[in-house]
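Undergrad: Need the 3D shape of this:
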Amino acid sequence: MEIKNIMRMTMLLTVIAFLGSCTTDKAATVIEEQEDEHKEQEEGTAKGVLITPAQAEVLGLTTATVVKKSLGNNIKVNGFLDLHPQDEANVNAFIGGNISKIYFIEGDKVKKGQVLARLEHPDYLQMQQELQQSVNELAYLKTEFERKEKLYKEEISSGREFQKARSDYYSTQSKIKGLKAKLKLLNLNVNKVIAGELFPTIPVISPIDGFIGEIYIRIGDFASPGVNMFYITNNAKTHVDFRVYEKDIYKIKVGQKAYFTIANKPGELIEAHIQTIGRTFEDDPKAIHVHAIIDSKVRTDLLPGLYVEGRIVESEHLVDVIPEEAIIKEGNRSFIFIKATHDGEENNDEKLAFTVVDVTTGIKDAGFIEVTFAEPLPKGTEVVVKGAYMLSSELIKGELEHEH
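TA: Numbering: from 1, shown residues only. Reported below is the predicted structural model:
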């Protein structure tokens, strides 16, 4: 009986030990799996990509900081970049002549008063010679007029002689004024001409600061009076001409903020404000013109005539925004790449580091999207706004290589 009890106790202890061993192994396995999962999560949030500057150039990477803009509650508009009439000029000749020199080509920047071209024609020399001759005659005619006037007052000379002398003097004086005015219009130095100098060519002068948009002449052409030779635009004075449809007119006020994008830079939101509101309708479509002054730093790539898509802010609600193409989506997850500081193993390590940051997205408008972060990004953080999908491919490629 005692032997049976001893055997039963031994078997029970063995089973308990076995079960305890299994439980311990299972618990250890669970803990290990949890640690691996936590480690994978930590590694996932810290994922990044290292590339060289040359690779970044090939991928077309562009970075920019997160900005605050007003999205939603906006009036959608479109239009064109435009210039005020005083900021564009057609240059032509007052008096026709043959083109002897052209100093600029399309796209060149010019200053007001710069010589664009030179014209030559015998008429230019003739006018200068007439002025010189008339000035020389004027001194004699003045003396003759004063002499005849004195004789007339003393009743020695007839009134007819006095009147002729006076007429010749004042006619020549008037002629000189007219010739001087003509030569000034031809941009010649009148004082030098009077002093005896003759200019065989006349300069064609730029009336404004700006850029040469079109050149309509060639060497040897005859430039007729009133026919355009150059077209110049002052692109620094470019403004936006929005078209606002009838249903939205009552919402527009002078001073309202506006944002717009241009076709050749879709990821860049340019700021403006409403300056004037038109008072006449276009027939098709039914809309008015609204002029807006550009507040962003003026650049020469804002060319008159470019099509724009814009938003006029009806109510201000500032949020953090980035271009839509900066967002990468994987299922329900949205993330971006930010430029990070990378300390290479050697001083000559010039690789660029980009880190993945998860974001929550919101309102979309005008090619931009509202974003929020679990933790605020440090001020000045650069976000990849172009080439993010290419960078994402590099990230996946790196993960696959790591697995193998």
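
Undergrad: so where's the stretch 251-400 of the chain uncertain?
TA: Applying pLDDT under 70 to the stretch 251-400 of the chain picks out residues 266-267, 284, 298-300, 316, 341-349, 397-400.

Undergrad: Strands of that one, start to end?
TA: Assigned by DSSP state E, counting those that start in this stretch, the stretch 251-400 of the chain shows strands spanning 257-262, 265-277, 287-294, 307-313, 318-323, 328-330, 333-340, 352-365, 368-373, 382-386.

Undergrad: Dump those strands to JSON lines, plus distance to F104 and mean neighbour count.
TA: Where C-beta positions appear, they are placed from N, C-alpha and C, glycine not excepted. Output for the strands of the stretch 251-400 of the chain, formatted as JSON lines (distance: least, C-beta to C-beta, whole Å; neighbours: other C-beta atoms under 10 Å):
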{"stretch": "strand 257-262", "distance to F104": "26", "mean neighbour count": "22"}
{"stretch": "strand 265-277", "distance to F104": "27", "mean neighbour count": "17"}
{"stretch": "strand 287-294", "distance to F104": "26", "mean neighbour count": "20"}
{"stretch": "strand 307-313", "distance to F104": "28", "mean neighbour count": "21"}
{"stretch": "strand 318-323", "distance to F104": "37", "mean neighbour count": "19"}
{"stretch": "strand 328-330", "distance to F104": "47", "mean neighbour count": "12"}
{"stretch": "strand 333-340", "distance to F104": "42", "mean neighbour count": "19"}
{"stretch": "strand 352-365", "distance to F104": "41", "mean neighbour count": "17"}
{"stretch": "strand 368-373", "distance to F104": "39", "mean neighbour count": "19"}
{"stretch": "strand 382-386", "distance to F104": "35", "mean neighbour count": "21"}
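
Undergrad: Of all these, which one is nearest K68?
TA: strand 318-323 (4.4 Å; C-beta to C-beta).

Undergrad: and that closest one, what does it pack onto?
TA: strand 67-70, strand 265-277, strand 368-373, strand 382-386 (3 or more C-beta pairs under 8 Å, 6 or more residues apart in numbering; DSSP states H and E).

Undergrad: and if we set it to 10 Å?
TA: strand 62-65, strand 67-70, strand 265-277, strand 352-365, strand 368-373, strand 382-386 (3 or more C-beta pairs under 10 Å, 6 or more residues apart in numbering; DSSP states H and E).

Undergrad: Any chance of those in CSV with distance to L116 as columns?
TA: CSV is the format used below for those (distance: least, C-beta to C-beta, whole Å):
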stretch, distance to L116
strand 62-65, 38
strand 67-70, 41
strand 265-277, 31
strand 352-365, 45
strand 368-373, 42
strand 382-386, 39
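
Undergrad: Just the helices from this protein, written as ranges.
TA: Using DSSP state H, the helices of the chain run over 2-45, 53-59, 122-153, 159-185, 190-194, 388-403.

Undergrad: Quickly, which of the ones you listed bottoms out on average pLDDT?
TA: Of all the helices of the chain, mean pLDDT reaches its minimum on helix 2-45 (a mean of 44).

Undergrad: Kindly present the strands of the stretch 251-400 of the chain as TSV, with separate columns for distance to L125.
TA: As requested, these are exported to TSV (distance: least, C-beta to C-beta, whole Å):
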stretch	distance to L125
strand 257-262	50
strand 265-277	49
strand 287-294	48
strand 307-313	50
strand 318-323	62
strand 328-330	73
strand 333-340	67
strand 352-365	65
strand 368-373	64
strand 382-386	60
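
Undergrad: Distance check, the closest residue to V67 other than its chain neighbours against I363.
TA: Spatial nearest neighbour of V67, excluding adjacent residues (C-beta to C-beta, 6 or more residues apart in numbering): V321 at 6.2 Å. Applying C-beta to C-beta, to the nearest Å, the value for V321 to I363 is 9 Å.

Undergrad: Which neighbours do those two have in common?
TA: S70, L71, I369, E370 (C-beta atoms under 10 Å, 6 or more residues apart in numbering).

Undergrad: now for those residues, which pair is the farthest apart?
TA: The widest separation within the shared contacts of V321 and I363 (C-beta to C-beta) is 13.5 Å, between S70 and I369.

Undergrad: Quickly list what's touching both of those two.
TA: Listed as contacting both S70 and I369 by C-beta under 10 Å, 6+ apart are V319, V321, I363.

Undergrad: isn't the residue nearest to V67 right up against R311?
TA: No: look at V321 against R311 with C-beta atoms under 10 Å: they stay out of range, at 11.7 Å.

Undergrad: and for the two, which residues touch both?
TA: With contacts taken as C-beta under 10 Å, 6+ apart, V321 and R311 have K69, S70, L71, Y259, L269, D365, A366, F368 as neighbours in common.

Undergrad: Quickly list what the last one is bridged to.
TA: Residues found in beta-bridge contact with F368 (criterion: DSSP bridges) are P323, D365.

Undergrad: residues in contact with it?
TA: Counted by C-beta under 10 Å, 6+ apart, F368 has contacts 67, 69, 71, 259, 261, 266-269, 311, 319, 321-326.

Undergrad: K47 versus the residue nearest to V67, what's the distance?
TA: 24 Å.

Undergrad: In terms of residue numbering, what are the domains of this protein?
TA: The chain breaks down into these domains under automatic domain parsing: 47-69+319-403, 74-83+238-316, 87-233.

Undergrad: Ends of the last one, what's the gap?
TA: By that I understand domain 87-233. Domain 87-233 stretches 6 Å from its first residue to its last (C-alpha to C-alpha, to the nearest Å).

Undergrad: distance between it and the chain's centre?
TA: Averaging C-alpha positions (C-alpha atoms, centre = their mean, to the nearest Å) puts domain 87-233 41 Å from its chain's average.

Undergrad: quick one on the thing from earlier: what is the nearest of the shared contacts of V321 and I363 to F281?
TA: Closest to F281, out of all of the shared contacts of V321 and I363 and judged by C-beta to C-beta, is S70, at 27.8 Å.

Undergrad: That closest one pairs with what?
TA: L318.

Undergrad: what does the one 10 residues further on give?
TA: Per DSSP bridges, residues listed as beta-bridge partners of F80: D241, Y307.
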